[in-house]
Each structure stands twice: as structure tokens, then as C-alpha cells.
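Colleague: Here is my input, please return the structure:
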Amino acid sequence: MTGLENLANVFEPALLAEMEEFGSRQSFLEGDLIMDYGSYIRNMPIVLKGTIKVYRLDENGNEILLYYLSSSESCSMAYSCCIEAKKSEVKAIAEDAVELIAIPHDKLDTWLCTYPSWKNYIMRSFNLRFIELLKSIESIAFHKLDDRLLAYLKEKQRLSGSSVIKASHSMIAEELATSREVISRLLKQLENSKKIILYRNEIKLLPSFG
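Modeller: The predicted model follows:
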């Protein structure tokens with residue numbers, strides 16, 4: 001059961017054995033496309049290692065970062081697409097080196113009836129993603145961009161476990177649905193306030209960042 005150890009506290013041993021038997025292991029490098037708009041989803045991914053960022057297009061064709069998926073987490077939208085044989089309405093990209101196990105669509109419903117832990121996992125995943133979507137909507141609608149930038153950097157730090165954030169100004173601008181010039185100005189203000197240090201495609205968060 002190599003590679004599934006971090007799922008041992010989530011699923012019962014019999015289900016882990018089935019995952020090992022029927023699931024397929026996949027590996028991705030930083031920046032790799034894992035799921036794209038308009039593609040049919042035949043498998044539901046569960047993250048074993050690394051972080052995935054999930055985007056959606058708005059009505060103007062701009063990409064908006066919806067949420068991140070990290071170890072032991074899955075995309076509820078992928079589950080929905082598998083069950084309903086629908087095309088994907090989201091795009092998923094590897095934030096760093098990612099390892100996942102892809103669960104075939106024909107097992108998704110079967111396991112709901114067989115394993116209580118699987119039903120709990122699916123319901124919990126939908127609930128978590130719904131809460132994150134509400135937070136994203138609230139952030140865009142009600143929070144100032146400088147507050148959203150601070151929250152973005154803190155989330156990056158939490159996911160990576162590092163005070164050094166690897167991200168270009170352009171990438172941050174895309175994920176926060178704004179312009180590179182605005183992000184560069186806000187980051188410079190944070191640097192002048194001694195909260196961060198800017199490097200090429202990297203941002204170091206200082207202790208005063210909070």
C-alpha cells in the first residue's frame with residue numbers, strides 16, 4: 001500500500017486495498033496541466049503529495065482561482081463530472097510536484113454503498129469546496145485587493161510550509177484576476193513596509209508579515 005499511507009486515517013483497510021487494485025498512480029511536475037476545460041473526466045483524483053490549483057473561467061473569459069487541493073483532498077467538481085459524464089468546467093494545474101491516485105468512475109457510486117468512509121469523504125469534500133467557493137466569492141465581492149493579496153500570500157505559505165513564495169507578479173495577478181501593475185505596486189508597498197523582500201519570481205515573507 002505504498003504511497004497511500006496518508007489515507008490510512010481516512011479510509012478503512014478494505015477500501016485502501018481496492019484503491020490500490022483499481023486506482024492508477026499519476027505524477028505531474030510543477031506547472032503541468034492535470035485537468036482542462038471541456039475535457040471529459042473519467043477518473044476522480046485524490047492527491048497523495050503536492051498541491052493542485054483549480055481555476056474556472058468567468059463570463060468574460062478571465063480565469064479565476066477557485067481553490068487549492070493538497071494531500072488527501074479531491075476535487076468535488078471532478079467527482080460530479082465523472083458521475084454525470086459531463087465535460088469539465090474547471091482547469092487544474094500542479095502547483096508543485098504532484099502525485100495522485102485516479103479513481104475510475106465506475107467505482108465512485110459502488111463505494112458509496114459499500115464503504116461508510118467513502119461516503120463521508122465525498123460529502124466532506126463537497127462541503128469543504130463549497131465553503132472555499134463562498135470565501136472566494138466573498139473575497140472578490142467585499143474585500144479590498146490588498147487584503148486579498150495578503151490572504152493569498154498567507155495561503156501560499158501555509159501550503160508550502162515555507163516563507164519563500166515562488167510566484168511571479170504576473171502569475172499572482174492572473175490568480176487574483178487583476179493586472180500585473182497593480183500587484184507589483186502592492187508588493188512594493190509591502191516591501192517598503194518591511195513585511196516582504198522581493199526577488200525575481202520569489203517573495204520572502206518576513207517575521208513582521210504576520
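Colleague: What helices and strands are in contact with the helix or strand of the chain with the lowest mean pLDDT?
Modeller: Lowest on mean pLDDT, DSSP states H and E among the helices and strands of the chain sits helix 116-142, with a mean of 80. For helix 116-142, the elements it packs on are strand 63-69, helix 76-84, helix 105-114, helix 145-160, judged by 3 or more C-beta pairs under 8 Å, 6 or more residues apart in numbering; DSSP states H and E. To be clear about C-beta, it is placed using only N, CA and C from the backbone, and glycine gets the same treatment.
Colleague: Throw the ones you listed into CSV and include distance to Arg200, thanks.
Modeller: Output for these, formatted as CSV (distance: least, C-beta to C-beta, whole Å):
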stretch, distance to Arg200
strand 63-69, 22
helix 76-84, 34
helix 105-114, 43
helix 145-160, 17
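Colleague: Would you format those as CSV with distance to Tyr40 and mean neighbour count included?
Modeller: Below are the helices and strands packed on helix 116-142 laid out as CSV (distance: least, C-beta to C-beta, whole Å; neighbours: other C-beta atoms under 10 Å):
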stretch, distance to Tyr40, mean neighbour count
strand 63-69, 20, 19
helix 76-84, 7, 19
helix 105-114, 10, 14
helix 145-160, 29, 16
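Colleague: With mean pLDDT and distance to Met35 as new columns, can the ones you listed be given to me in CSV?
Modeller: Shown next, in CSV, are the helices and strands packed on helix 116-142 (pLDDT from 0 to 100; distance: least, C-beta to C-beta, whole Å):
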stretch, mean pLDDT, distance to Met35
strand 63-69, 85, 11
helix 76-84, 85, 7
helix 105-114, 91, 14
helix 145-160, 88, 19
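Colleague: Nearest to Asn127 among those would be which one?
Modeller: helix 76-84 (8.8 Å; C-beta to C-beta).
Colleague: Identify the residue spatially nearest to Ser125, adjacent ones excluded.
Modeller: In space, and not counting its chain neighbours, Ser125 is closest to Ser76: 4.8 Å by C-beta to C-beta, 6 or more residues apart in numbering.
Colleague: I'd say that neighbour and Arg129 touch.
Modeller: Yes: Ser76 is in contact with Arg129 according to C-beta atoms under 8 Å; the separation is 4.5 Å.
Colleague: All set now, cheers.
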